[in-house]
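The sequence and its predicted three-dimensional model are supplied below.
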Amino acid sequence: MSDNTKILVTGGAGYIGSHVVKQLCDEGYEVVIIDNFSLGLRQNIDSRVSDVIEGDIRNEADLEKAFAHNVNAVFHFAAWKAAGESMEDPDKYAKNNICGTLNLLKYMLKFNVKNFVFSSSAAVYGNPQYLPIDEKHPTVPENYYGYTKLAIEENLKWYDKLKGIRYAALRYFNATGYDVKGRLNGREKNPANLSPIVMETAAGERAQMQVFGNDYDTPDGTCIRDYIHVSDLATAHVLALRYLNEKEESLVVNLGAEKGYSVLDVIKSAEKSSGRKVNYKIVGRREGDPGNLVASSALAFEKLGWKAQYSDVDTIFKSMKNVYLG
């Protein structure tokens, strides 16, 4: 149950944001959303949300309106997240991800809001120096997107030290799936991740998909990744807020399933769940793609009591079937 906390969710109509909002509403929290709808979907906004502000975190007038709701925690999802695009257009990522977050922190200070739950990323780590990756792993991002997440985390450390803002930086691995209860059906816009591309191919929307490399040092030669179901992510966010309220100390944790699936594992599971053939073509490796990325989430279990429940590959694709195949 909630503790009378009213939460501002930035990007609350987006893919992960809308799932977290639903979980917050399920648990009795009051939620206000700010979203510019560049990626968010109105159809995915929970009817229990108390207000939706169509606005941008870079716009101070929009933030003034949002914080006037007397919120006492912020969940921050409003970010650009395409790694490839970030290398071509760093300015777009700097202005929104870094400057937008600093703007948000400015308004948290102005309105005396002390708890901040941040959507970070395993992209902060870069290529793995050892597996599984834990929170002590060196942070050497391979792309500008990952750098923006790390830069925000570094700023959060200072805002904690200097201004007493407590934060939980949740470093996701590969977020995937849809609400396990089937209540969210609006598809993520412009997906760049493997599982939606696989399902678009299964649905016949793509004639064929590409598999980048089959000569990695893995059992079937294709890349292995740690996939985390978005419903598991949503649970972790609520637990992180409780942690901040109870412990009054900041937190940085990985959120992963601690199990890896190869690209071909993912394709086979999608075929099994959908009953459709997924046409794919093996092409060359992508630059900067490590062969194996798997999380240690031991710290999330120790600090939050959190462990992935829905992140096996078959449950992931069952939850995606209706969204893509009706």
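Looks like it arrived, so ask away. Computed from a predicted model, the values in this text were never measured in an experiment.

any idea which helix or strand comes after the strand or helix carrying Phe118?
Element membership for Phe118, per DSSP states H and E: strand 115-121. Per DSSP H and E, the first helix or strand lying C-terminal to strand 115-121 is helix 144-163.

Domain ranges for the protein, per the record?
6-176+228-255, 194-226+258-325 (automatic domain parsing).

For the strand holding Phe118, name the packing helices and strands.
strand 73-76, helix 144-163, strand 166-172, helix 230-247 (3 or more C-beta pairs under 8 Å, 6 or more residues apart in numbering; DSSP states H and E). In this view, the C-beta of every residue, glycine as well, is placed from N, C-alpha and C.

In a markdown table: those, plus distance to Tyr261 and mean neighbour count.
Below are those laid out as a markdown table (distance: least, C-beta to C-beta, whole Å; neighbours: other C-beta atoms under 10 Å):
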| stretch | distance to Tyr261 | mean neighbour count |
| --- | --- | --- |
| strand 73-76 | 28 | 26 |
| helix 144-163 | 22 | 18 |
| strand 166-172 | 16 | 24 |
| helix 230-247 | 15 | 21 |
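
which stretch among those comes nearest Asn127?
If you check each of the helices and strands packed on strand 115-121 against Asn127 by C-beta to C-beta, helix 144-163 wins as the nearest, at 10.8 Å.

now that closest one and strand 115-121, what's the angle there?
Angle of helix 144-163 versus strand 115-121, following axes from the mean of the first three to the mean of the last three C-alpha atoms, to 10 degrees, is 160 degrees.

who wins for proximity to Ala82 among the helices and strands packed on strand 115-121?
helix 144-163 (7.0 Å).

Figure out which of the helices and strands packed on strand 115-121 is closest to Asp215.
For Asp215, the closest of the helices and strands packed on strand 115-121 is helix 144-163, at 24.9 Å, according to C-beta to C-beta.

Name the residues that touch the closest one?
Residues from elsewhere that reach helix 144-163 (C-beta atoms under 8 Å, 6 or more residues apart in numbering): 79-83, 85-87, 90, 93-94, 97-98, 101-102, 105, 109, 116, 118, 120-121, 123-126, 139, 141, 165-167, 169, 171, 250, 252.

How about stretch 297-307?
Stretch 297-307 has contacts (C-beta under 8 Å, 6+ apart) with 134-135, 232, 235-236, 239-240, 243, 251, 253-258, 308.

Give me the buried positions along that stretch.
By 16 or more other C-beta atoms under 10 Å, the buried positions in stretch 297-307 come out as Ser297, Leu299, Ala300, Lys303, Leu304, Trp306.

what's the residue sitting furthest away from the middle of the chain in contact with, if anything?
Taking C-alpha atoms, centre = their mean, the residue of the chain most remote from its mean C-alpha position is Asp215, at 28.9 Å. Shown in contact with Asp215 (C-beta under 8 Å, 6+ apart): Gly221, Arg285.

Quick check: the gap between it and Thr222.
Separation of Asp215 from Thr222 (C-beta to C-beta, to the nearest Å): 9 Å.

got it, and Asn96?
Relative to Thr222, and taking C-beta to C-beta, Asn96 is found at 33 Å.

Measure how the strand holding Phe118 sits relative to helix 230-247, angle-wise.
Between strand 115-121 and helix 230-247, the angle comes out at 140 degrees (the same axes, to 10 degrees).

what angle do strand 115-121 and strand 166-172 make?
Strand 115-121 runs at 20 degrees relative to strand 166-172, counting by the same axes, to 10 degrees.

Quickly run through the sheet partners of strand 115-121, with directions.
strand 73-76 (parallel), strand 166-172 (parallel) (DSSP bridges).

Surely Ile33 touches Val20?
No. Using C-beta atoms under 8 Å, Ile33 makes no contact with Val20, being 10.6 Å away.

Pull up the overlap in contacts between these two.
Here Ile33 and Val20 have Val9, Gly12 as joint contacts, going by C-beta under 8 Å, 6+ apart.
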